[in-house]
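Chemist: Provided below are the primary sequence and the corresponding predicted coordinates.
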Amino acid sequence: MECPKCHKSVDDDDIFCPNCDTRLRPDKNTSIMKRFKKQNKPLNVEIVGEKKHKLSESKLKLILITVAVVLLVVLVVLIVVNIISGKGENTAESISEYIGVDVAKAQKKLDMHFKDESAFQGVNNALNFDYIIESDDSVNVDGINYPEWAALVTVDDEERIQTVKYSNFKVLKNNANGEKKSKAINLDKFEQGAKWSSLSDAIDLEYYGVVWSKDTKNYIYRYWYENDAGDD
């Protein structure tokens, strides 16, 4: 065997050259470290992959939180809209609890102020009432402005409340005659005492108004259709 540095002969078992002290064989520890580094390269890849996975989880959580916040906002808006849209009917129903009571006393108990006439001339011309509470917001029906809703009160000669009517003018915003149907609604199959849910499903309309009197509560619907002769 020849030394790679001084080119003199050495024994095959020599680790160092006896002439120039050059290492003839690689250090075992160095070989082990090289192998260890090679083995750890895939480990580094795995760590990077884990970081990417954690990053993806963070993005997913952020997306889910964003979606949840948006849904919550939508739900709050729907609840607020529902409360606002039901204000008129709730107002009228509250007044109906004082049917037979002096109107001045009812106003005081309810902490409400009834007006003698509407701010909308269309209501004054078209509807019969003695007192009214109505929405400030308007809706246009066939070119005429009406309040979105109105609670109408009639009284007797002694100023006691006789009837209370809730009118939902938003139902008529597309047509003063109400909703268009393909044919007449037949309620002959229903008898006195029928379930309200079944009757409501058969009518399949949003009611235009509700009238409370001393012993009854009546729902009013408005719709139109074309008969065989082409008439509405």
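Modeler: That came through, no problem. Numbering: from 1, shown residues only.
Chemist: the strands in this structure, which residues?
Modeler: Ranges of strands in the chain, per DSSP state E, are 131-134, 138-141, 144-147, 149-155, 161-168, 179-180, 209-212, 217-220, 223-224.
Chemist: so which of those strands gets nearest residue 186?
Modeler: strand 223-224 (12.8 Å; CB to CB). To be clear about C-beta, it is placed using only N, CA and C from the backbone, and glycine gets the same treatment.
Chemist: Provide the strand pairings for the closest one, with the direction of each partner.
Modeler: Using DSSP bridges, strand 223-224 pairs in its sheet with strand 179-180 (parallel).
Chemist: And the pLDDT at residue 63?
Modeler: Here, the pLDDT recorded for residue 63 equals 81.
Chemist: picking up where we left off before, now the strands of the chain as JSON lines including mean pLDDT and distance to residue 2?
Modeler: Converted to JSON lines, the strands of the chain look like this (pLDDT from 0 to 100; distance: least, CB to CB, whole Å):
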{"stretch": "strand 131-134", "mean pLDDT": "96", "distance to residue 2": "114"}
{"stretch": "strand 138-141", "mean pLDDT": "94", "distance to residue 2": "108"}
{"stretch": "strand 144-147", "mean pLDDT": "94", "distance to residue 2": "112"}
{"stretch": "strand 149-155", "mean pLDDT": "97", "distance to residue 2": "110"}
{"stretch": "strand 161-168", "mean pLDDT": "97", "distance to residue 2": "110"}
{"stretch": "strand 179-180", "mean pLDDT": "92", "distance to residue 2": "108"}
{"stretch": "strand 209-212", "mean pLDDT": "96", "distance to residue 2": "114"}
{"stretch": "strand 217-220", "mean pLDDT": "93", "distance to residue 2": "114"}
{"stretch": "strand 223-224", "mean pLDDT": "93", "distance to residue 2": "112"}
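Chemist: Can I get those in JSON lines including mean neighbour count and distance to residue 112?
Modeler: Output for those, formatted as JSON lines (neighbours: other CB atoms under 10 Å; distance: least, CB to CB, whole Å):
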{"stretch": "strand 131-134", "mean neighbour count": "22", "distance to residue 112": "6"}
{"stretch": "strand 138-141", "mean neighbour count": "16", "distance to residue 112": "20"}
{"stretch": "strand 144-147", "mean neighbour count": "20", "distance to residue 112": "15"}
{"stretch": "strand 149-155", "mean neighbour count": "22", "distance to residue 112": "9"}
{"stretch": "strand 161-168", "mean neighbour count": "23", "distance to residue 112": "12"}
{"stretch": "strand 179-180", "mean neighbour count": "14", "distance to residue 112": "31"}
{"stretch": "strand 209-212", "mean neighbour count": "20", "distance to residue 112": "16"}
{"stretch": "strand 217-220", "mean neighbour count": "13", "distance to residue 112": "20"}
{"stretch": "strand 223-224", "mean neighbour count": "16", "distance to residue 112": "32"}
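Chemist: who's residue 132 bridged to?
Modeler: residue 115, residue 152.
Chemist: Contact partners for it?
Modeler: By CB atoms under 8 Å, 6 or more residues apart in numbering, the contact set of residue 132 is 114-118, 123, 150-153.
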